[in-house]
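Chemist: Only the shape, not the letters, is given here:
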């Protein structure tokens, strides 16, 4: 009996092995694209550092010559450069990485769901860059000015350039990921995984998670900076709920709201 079951077991394991092989191939392609993006971004690290220093130059403490960015450890400049190139490279290669993600999940989708590949890839890439840009223009400047000038210029400061840029990078990357929520809500709605009814039912939990995320990401524990993060994050969640309603699958929503699987017929 055991010998007769061997062929059947091999047939069942074959699809799993095929999926694992496909996953391995996609991960390799993702790493190649990330390495290419990192290599391109490495050439622009000095320019990126100057851009990240820009919000600091508008503080009163910096204008008075009482604030400087310094390297506190010997390898700090090298590690900082690699960190910046890595995140910038990720931003550059994100559309290609998302394309590999889509190619992995596409075989399990219906034909009408596969047509959302281009909107997902383009929309996710654009949303990430929009989130980074929004953080750099609207969130980072008031945050840096509030923290640097908190004591009215009475204290001189020497900031570790690694810590300073690391905090700014965390904020901008976080906002880039936050801005993925609306496009993710649309795509998941169109392929039938979520809908606005489900998202609306967990709204209060989403609000709490937004507050927690704001508290974790912000460099301080004060409510002002936490609100700068939690507020936009929750608005993005509500935008995702709204877009999910607009792009909803009618038959799925009718089944959830009425309990009748044939309500949408």
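Modeler: Perfect, thanks for sending it. Every value quoted in this text rests on a predicted model; they were computed, and no experiment measured them. Numbers count the residues shown, from 1 in each chain.
Chemist: Quick check: buried residues in stretch 227-235?
Modeler: Within stretch 227-235, the residues that qualify as buried are 228-230, 232-234, counting by 16 or more other CB atoms under 10 Å. All C-beta atoms are positioned from the backbone trio N, CA, C, and that covers glycine.
Chemist: same question but for stretch 149-161, I mixed them up
Modeler: Across stretch 149-161, burial judged by 16+ other CB under 10 Å covers 149, 153, 157, 159, 161.
Chemist: Rebuild the residues you listed as JSON lines, extending it with distance to residue 172, pLDDT and secondary structure.
Modeler: Converted to JSON lines, those look like this (distance: CB to CB, whole Å; pLDDT from 0 to 100; DSSP: H, G, I helix; E, B strand; the rest coil):
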{"residue": "149", "distance to residue 172": "21", "pLDDT": "83", "secondary structure": "coil"}
{"residue": "153", "distance to residue 172": "26", "pLDDT": "69", "secondary structure": "coil"}
{"residue": "157", "distance to residue 172": "22", "pLDDT": "77", "secondary structure": "strand"}
{"residue": "159", "distance to residue 172": "18", "pLDDT": "85", "secondary structure": "strand"}
{"residue": "161", "distance to residue 172": "16", "pLDDT": "90", "secondary structure": "helix"}
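Chemist: helices or strands up against the helix or strand harbouring residue 126?
Modeler: Take DSSP states H and E as the rule and residue 126 turns out to sit in helix 117-134. Helix 117-134 sits against helix 76-105, helix 161-178, helix 180-190, with contacts defined as 3 or more CB pairs under 8 Å, 6 or more residues apart in numbering; DSSP states H and E.
Chemist: Could you list every helix and strand in contact with the next helix or strand after it?
Modeler: Next along the chain after helix 117-134, taking DSSP H and E as the criterion, comes helix 140-148. Judged by 3+ CB pairs under 8 Å, 6+ apart, helix 140-148 is in contact with helix 45-57, helix 60-63, helix 161-178, helix 223-246.
Chemist: And for helix 140-148, what's in contact with it?
Modeler: 55-56, 58-62, 67, 157, 168, 171-172, 218-220, 224-225, 228 (CB atoms under 8 Å, 6 or more residues apart in numbering).
Chemist: how close does residue 118 sit to residue 78?
Modeler: 39 Å (CB to CB, to the nearest Å).
Chemist: what do you get for residue 108?
Modeler: In this view, residue 108 and residue 78 are 43 Å apart by CB to CB.
Chemist: what do you get for residue 234?
Modeler: Counting by CB to CB - residue 234 and residue 78 are separated by 39 Å.
Chemist: same deal with residue 164?
Modeler: Separation of residue 164 from residue 78 (CB to CB) stands at 16 Å.
Chemist: Need the max-distance pair from the buried residues of stretch 149-161.
Modeler: Of all pairs drawn from these, the greatest distance, 20.8 Å, lies between 153 and 161 (CB to CB).
Chemist: Figure out how far stretch 224-239 is from the centre of its chain.
Modeler: 14 Å (CA atoms, centre = their mean, to the nearest Å).
Chemist: next one: stretch 100-113
Modeler: 21 Å.
Chemist: Give me the below-cutoff pLDDT ranges for the stretch 51-200 of the chain.
Modeler: Along the stretch 51-200 of the chain, the parts satisfying pLDDT under 70 run over 113, 153.
Chemist: mind listing what the most centrally placed residue in the chain touches?
Modeler: Nearest to the mean C-alpha position of the chain, by CA atoms, centre = their mean, lies residue 177 at 1.7 Å. With contact set as CB under 8 Å, 6+ apart, residue 177 has these partners: 128, 131.
Chemist: and the one helix or strand residue 199 maps to, what other elements does it pack with?
Modeler: Of the helices and strands defined by DSSP H and E, residue 199 is found in helix 196-201. Packing partners of helix 196-201 (3+ CB pairs under 8 Å, 6+ apart): helix 223-246, helix 250-258.
Chemist: repeat that with 6 Å
Modeler: Counting contacts by 3 or more CB pairs under 6 Å, 6 or more residues apart in numbering; DSSP states H and E, helix 196-201 is packed against helix 223-246.
Chemist: State the mean pLDDT of the helix it packs on.
Modeler: The average pLDDT within helix 223-246 is 85.
Chemist: what's in contact with it?
Modeler: Residues outside helix 223-246 that contact it (CB atoms under 6 Å, 6 or more residues apart in numbering) are 139, 143, 178, 181-182, 185-186, 189, 195-196, 199-200, 206-207, 210-211, 214-215, 217-218.
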